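Novice: sequence first, predicted coordinates after that:
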Amino acid sequence: MAGVGLSYLRYYKIFVPLATLLVLIYVTCVRLPEVHLSACTENGRPCNEMWSKKERDPEEGKDKEMMTAKVVALVQNVEYTRQCEGMEFQITRVLAAFRSCISEDGQILLKEYLSGWKEFIKFMDSLGMVFGFISQETTTKINIMNVYLAGSSGAEYHTLQSMIKHELDHGLVNFKELPRDQVPSGCRTLLRLHRALKWLEMFLYKLSISTSQDNTGKLCALAYEETLAHHHSWFVRQAAALAFLAMPPRRELLQILCVHKEEEAQFVLSTTAKSIIRVYDLTQRVYEAHGMLELP
Ligand SMILES: CCCCCCCC/C=C\CCCCCCCC(=O)N[C@@H](COP(=O)(O)O)[C@H](O)/C=C/CCCCCCCCCCCCC
């Protein structure tokens, strides 16, 4: 009798998360609006152009200058580039995108922001099918933004600030529950990516201070629970928990990153996290100033 009970328990343990995942995939496919990507653009403005200019914040000036020099060194490192040539995901592209994401006058440039995300999707895709629904969700959000950027009001979507102004001025932002058949606003869509960026930054940071003994799934789950999970439903959290179990070990993640030495890994991860946090903080301030941090 006890044996039967135990085997039920075992099935239950497998069945509940599996059913949750299937329901989530179904809900995601049915619920998300099908927005097609038109004229996706790669690579923003040349990054050297931005890096060669002095950064604006005098307090952090020195630190930023040092970091800028290190980032340029990394991106221009011929050996690194040679070794990593041909690899689908390139961390240098992520760095370039997020470094060039903030303009001289403190605007968040959306094309650059999205190109950083597109590169991360390549990383995600190389992890296999279990991560497919996360990759798909991210792609959907990027596609929505790309449609706005390529649309007739595309010029208004050049920066985060101009997008907010345009969508508020035209009553395009929904402060109440979004009707199912309505394409979400740019403000709402970018907010979802913005929240995920906090998770990403925290995960990269945790990974940068981790050792080869650490479990990447646990680090990822911790970063998720501290950040993005607060905005997700129970179903999504269960599906994410399943994905974390399938996270490859640290060594494999570093291979995708194309880093082979510990110091190199630590440097690449922390530099990327720092370049992301600057963008995150500024975006957060802009959303907060407009009372838009909780768009449904
Ligand atoms: C060496 C480390 C490099 C790390 C590279 C990681 C690459 C990351 C790429 C994508 C990250 C995930 C982005 C998720 C976007 C989520 C947007 C969102 O929150 N959507 C939810 C709300 O949307 P609406 O319904 O309001 O329109 C949606 O409900 C959620 C759907 C499922 C998303 C589940 C997210 C789980 C996040 C944890 C990702 C772990 C993957 C680890 C990969 C290393």
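Specialist: Nice, thanks for sending it over. Numbers count the residues shown, from 1 in each chain.

Novice: same question for whichever strand or helix holds A97: list its buried residues.
Specialist: Using DSSP states H and E, the element containing A97 is helix 91-99. By 16 or more other CB atoms under 10 Å, the buried positions in helix 91-99 come out as 91-99. In this view, the C-beta of every residue, glycine as well, is placed from N, C-alpha and C.

Novice: tell me what it is packed against?
Specialist: helix 47-51, helix 61-76, helix 78-84, helix 110-125, helix 262-289 (3 or more CB pairs under 8 Å, 6 or more residues apart in numbering; DSSP states H and E).

Novice: and the average pLDDT for the shortest one is what?
Specialist: Across helix 47-51, pLDDT averages out at 28.

Novice: one more: stretch 179-187?
Specialist: Confidence over stretch 179-187 (mean pLDDT, whole number) is 89.

Novice: not counting its neighbours along the chain, what's nearest the one residue sitting closest to the centre of the chain?
Specialist: In the chain, the residue lying closest to the centroid (CA atoms, centre = their mean) is L197, at 4.5 Å. Counting by CB to CB, 6 or more residues apart in numbering, L197 lies nearest to Y280, which is 5.1 Å off, once chain neighbours are set aside.

Novice: can you tell me which residues contact the one you found?
Specialist: Y280 is in contact with 194, 197-198, 201, counting by CB atoms under 8 Å, 6 or more residues apart in numbering.

Novice: same question, L160
Specialist: Contact partners of L160, counting by CB under 8 Å, 6+ apart, are 107-108, 110, 113, 190, 283, 286.

Novice: ditto for H166
Specialist: H166 touches 153, 156-157, 172, counting by CB under 8 Å, 6+ apart.

Novice: phi first, then psi, for it.
Specialist: phi -60, psi -50 (degrees, to the nearest 10).

Novice: what do you get for the one 4 residues further on?
Specialist: Geometry field for H170 lists phi and psi as phi -100, psi 10, criterion degrees, to the nearest 10.

Novice: ok, now the one 3 residues further on?
Specialist: Taking degrees, to the nearest 10, you get phi -90, psi 130 for the backbone angles of V173.

Novice: likewise for the one 4 residues further on?
Specialist: Main-chain dihedrals, E177, degrees, to the nearest 10: phi -50, psi 140.

Novice: now it: closest residue in space that isn't a chain neighbour?
Specialist: Setting aside the residues directly before and after it, E177 is nearest to P296 in space (CB to CB, 6+ apart), at 5.2 Å.

Novice: so what's the one you found up against?
Specialist: By CB under 8 Å, 6+ apart, the neighbours of P296 are 174-178, 188.

Novice: and of the residues you listed, the nearest to N143?
Specialist: Closest approach between these and N143, by CB to CB: R188, at 14.3 Å.
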